[in-house]
Structure formats: C-alpha cells, structure tokens
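Novice: could you look at this predicted model? Sequence included:
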Amino acid sequence: MESLGDLLKDWPAGRSITEQADSKLKELLGDPLVEKLRLKHPEVDERVIKLNLNRIYQHTTEYHNCSNCPGLDLCPNDYEGHYTMLHVDNVNELVQIYDRKVACKKFIARQKEEQIRSRIRSFYIDEKALNRQYSSEEILAKDGERINSVGQIMRYIHKTKERGLQQSGLYLSGQFGTGKTYLMCYMLHELAEAGYSGVIVYMPDFVEDLKSLMHDAGKLKETVEMMKETDLLIFDDIGAENLNPWVRDHVLGAILNYRMERKPTFYTSNYDLEALEKHFSFTNKDGDELHKGQRIMNRIAPYVEVVRVAGENKRGMSKA
C-alpha cells in the first residue's frame with residue numbers, strides 16, 4: 001500500500017509540502033473513522049492529528065480496504081490479512097497515538113484451517129476432497145437416502161469429541177459414488193479441528209507403491225509407523241486393490257494388529273464385510289487361503305461399526 005509520504009511526493013510540482021499536508025488533513029478530518037476517534041477521545045485535536053498524520057492515514061486507508069476486501073490473496077494492505085489499529089494515550093499530559101497491526105477474520109480463519117490441515121496426511125487422495133468447506137446441513141440435505149449413514153457418522157464425531165478417541169472405527173460400505181470418501185473426509189476434518197491427527201490412504205494406489213517400498217526398508221518402516229501411530233486411520237476403497245500375500249500379512253496385518261486395541265481404523269468399500277473376507281482369502285500368487293482371510297478380518301470386523309451408505313451415484317456432480 002502507498003504511504004502518505006509517497007502520496008505527497010506525487011502531488012503536482014510547485015505545491016508546498018505544508019499545503020499538501022493541510023489538504024490531506026482536511027480530508028482526514030471529514031472521514032467518519034476520524035470523527036468516531038475524536039468522539040471517543042476529545043483530546044485528539046487537529047494538532048494531534050497533524051502530528052500523527054501518517055498513522056491515521058494508514059488506519060483509515062486500510063480500514064476502507066478491508067471494508068471492500070478483495071480476498072486474502074489480493075489484500076492491498078502492507079501486511080497481508082492485517083490492518084492498522086490506533087490506541088490513544090496521555091503521557092505526561094501529552095496526547096500520544098500508537099498504532100499496531102491486527103489480523104483480520106479471514107487471515108485468522110486461514111491460519112486455523114492450515115493448522116487443521118497440518119494434522120492430516122493423505123496418500124493418493126484428491127486434495128479437493130480434503131480442502132472443501134464442509135457443512136453438516138448441506139451433507140444432511142444433499143441426499144435423503146443416506147441420512148441414516150450421515151447420522152451414524154455425526155454421532156461418532158460427537159461421541160469422540162465428548163469422550164475422547166474411541167477404540168472402534170467405522171466401516172462404510174455402499175455402491176460407487178455414494179459419497180463414502182467425502183463423508184470420511186468430513187469426519188477427518190471435524191476431528192482434526194478437535195485436535196486429532198489423521199491419515200487417509202487410497203488403497204489401490206497405496207498397494208501398488210508398496211511394491212517399490214519393498215526395496216527401501218527405511219521408507220517402508222517410516223510409512224508403517226506413521227499409520228500405526230496416527231489417531232485416525234482411513235483405508236479408502238479397501239477391496240479394490242490387487243492384493244498380494246506380503247501386503248496383506250506383513251504390512252496391513254502389522255498395522256491393524258497394532259491398532260486394534262489402541263486406536264480406531266476406518267474403511268470405505270464397495271464390499272460388505274463378508275465379501276471383503278473373500279477378497280482377502282484369495283491372491284493371484286497363492287490362490288485360496290481362507291484362514292489368512294479370516295485372520296485379517298478378525299482384526300477388522302470386531303473393531304468397526306458398519307455404516308451402509310445408500311443413495312444415488314454422485315460422481316461428476318459438483319459436490320458429494
């Protein structure tokens with residue numbers, strides 16, 4: 001933003017600085033903000049205003065900028081998302097005006113959102129799903145067929161906020177495009193706002209990448225430990241991955257074995273629990289291994305509340 005000193009320099013040549021300052025003083029005296037300041041502090045006379053012309057000019061200009069805010073990215077003030085506030089004090093019978101920078105509501109809201117997002121890690125998930133402005137009213141009104149499932153999720157969120165982290169998670173099953181991932185992102189956002197950390201993983205891509213991590217023991221250990229320790233872990237679209245015994249038994253099994261008595265794990269899937277067990281019981285390498293499918297499901301089924309997500313396919317719509 002242009003300072004008062006720079007503004008005065010740009011005035012037409014030949015006009016004195018005193019004349020320019022007097023003109024600007026007259027303009028400021030007619031500003032409603034200055035009138036309000038003088039009503040609150042009658043001791044602020046024209047002499048005091050003239051001595052603090054630059055501070056008062058900064059205050060009024062930035063206030064008017066904020067009144068017509070173009071958004072944080074286009075903020076015209078000196079410090080993005082901040083405006084100048086004035087404080088009047090009497091020191092040894094002399095009137096002093098001090099200024100300070102104050103963060104605006106938009107800047108505070110963005111900081112809060114950045115703190116929330118810093119608690120969430122995502123792997124292969126569309127960032128748009130995590131960065132949406134969520135509204136519980138909109139989620140409830142969007143599709144009447146899924147109102148029961150939305151109610152279950154909201155009750156879970158409320159219970160966690162009231163009583164702390166739960167041992168059991170949720171298992172969202174339903175057809176393609178019914179908004180299962182969106183609902184889990186909503187839950188993750190709400191609980192991250194309450195201070196919980198979270199990780200959401202898109203299983204098909206994660207399993208493919210694990211194959212390369214087999215040759216990077218350090219990175220693999222770091223990834224597994226993060227998924228073990230995060231407060232909230234979501235496996236998105238589980239059952240859609242091309243499973244192999246190593247991923248099932250040594251990666252997924254290790255993560256779930258650690259979490260099942262400690263922290264909640266969540267799932268979205270097109271399969272119900274019975275169909276998911278069949279998925280885990282067969283691999284291209286070893287064929288049917290019913291006992292291993294049952295073994296992994298014994299770490300999932302007892303620790304989830306099943307949520308059946310009904311409704312229409314929302315793929316391609318602007319919001320889920």
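Specialist: Received, thanks. Everything numeric in this text was worked out from a predicted model, so none of it was measured. Residues are numbered from 1 along each chain as shown.
Novice: where in the stretch 51-200 of the chain is pLDDT low?
Specialist: Applying pLDDT under 70 to the stretch 51-200 of the chain picks out residues 131-136, 140, 142-143.
Novice: for I238, which three-state class applies?
Specialist: coil (DSSP: H, G, I helix; E, B strand; the rest coil).
Novice: Y171 now?
Specialist: strand.
Novice: run through the bridge partners of it.
Specialist: Here Y171 sits in beta bridges with Y267, V306, going by DSSP bridges.
Novice: contacting residues for it?
Specialist: F266, Y267, S269, L273, I300, V304, E305, V306, V307 (C-beta atoms under 8 Å, 6 or more residues apart in numbering). All C-beta spots, glycine's among them, are computed from the backbone N, C-alpha and C.
Novice: mind giving me the PyMOL select for those, buried ones only?
Specialist: Buried residues within the contacts of Y171, by 16 or more other C-beta atoms under 10 Å, are selected in PyMOL with:
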select buried, resi 266+267+269+300+304+305+307
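Novice: can you pull the buried residues of stretch 113-128?
Specialist: Those buried within stretch 113-128 under the rule 16+ other C-beta under 10 Å are I116, R119, I120, R121, S122, F123, I125.
Novice: looking at those residues, which are in strands?
Specialist: Per DSSP state E, strands hold the following members of the buried residues of stretch 113-128: I120, R121, S122, F123.
Novice: now render those as JSON lines, adding distance to D237.
Specialist: As requested, those are exported to JSON lines (distance: C-beta to C-beta, whole Å):
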{"residue": "I120", "distance to D237": "18"}
{"residue": "R121", "distance to D237": "17"}
{"residue": "S122", "distance to D237": "13"}
{"residue": "F123", "distance to D237": "12"}
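Novice: residue ranges of the strands in the stretch 151-300 of the chain, please?
Specialist: Secondary structure of the stretch 151-300 of the chain by DSSP state E, counting those that start in this stretch: the strands cover 169-173, 198-202, 232-236, 265-269, 282-283, 287-288.
Novice: and the second one, which strands flank it?
Specialist: It stands for strand 198-202. Counting by DSSP bridges, strand 198-202 is paired with strand 120-123 (parallel), strand 232-236 (parallel).
Novice: right, and these - which one's nearest G144?
Specialist: Among the strands paired with strand 198-202, the nearest to G144 by C-beta to C-beta is strand 232-236 (24.4 Å).
Novice: ok, back up a step: from the contacts of Y171, which is closest to M85?
Specialist: Relative to M85, the closest of those is F266; by C-beta to C-beta it sits at 44.7 Å.
Novice: residues touching that closest one, list them.
Specialist: Counting by C-beta under 8 Å, 6+ apart, F266 has contacts G169, L170, Y171, L172, M184, M187, L232, L233, I234, F235, V304.
Novice: swap in 10 Å and give it another go.
Specialist: 153, 156, 168-172, 184, 187-188, 198, 200, 232-236, 238, 304-305, 307 (C-beta atoms under 10 Å, 6 or more residues apart in numbering).
Novice: could you do K219 as well?
Specialist: S212, L213.
Novice: can I assume K211 is in contact with L243?
Specialist: No - K211 sits out of contact with L243 when judged by C-beta atoms under 10 Å, with a separation of 11.6 Å.
Novice: which one's more surrounded, these two?
Specialist: L243 (22 against 12; other C-beta atoms under 10 Å).
Novice: the closest residue to R259 other than its chain neighbours and M184, how far apart?
Specialist: In space, R259 comes closest to T265 once its chain neighbours are excluded; the distance is 5.3 Å by C-beta to C-beta, 6 or more residues apart in numbering. Taking C-beta to C-beta, to the nearest Å as the measure, T265 falls 12 Å from M184.
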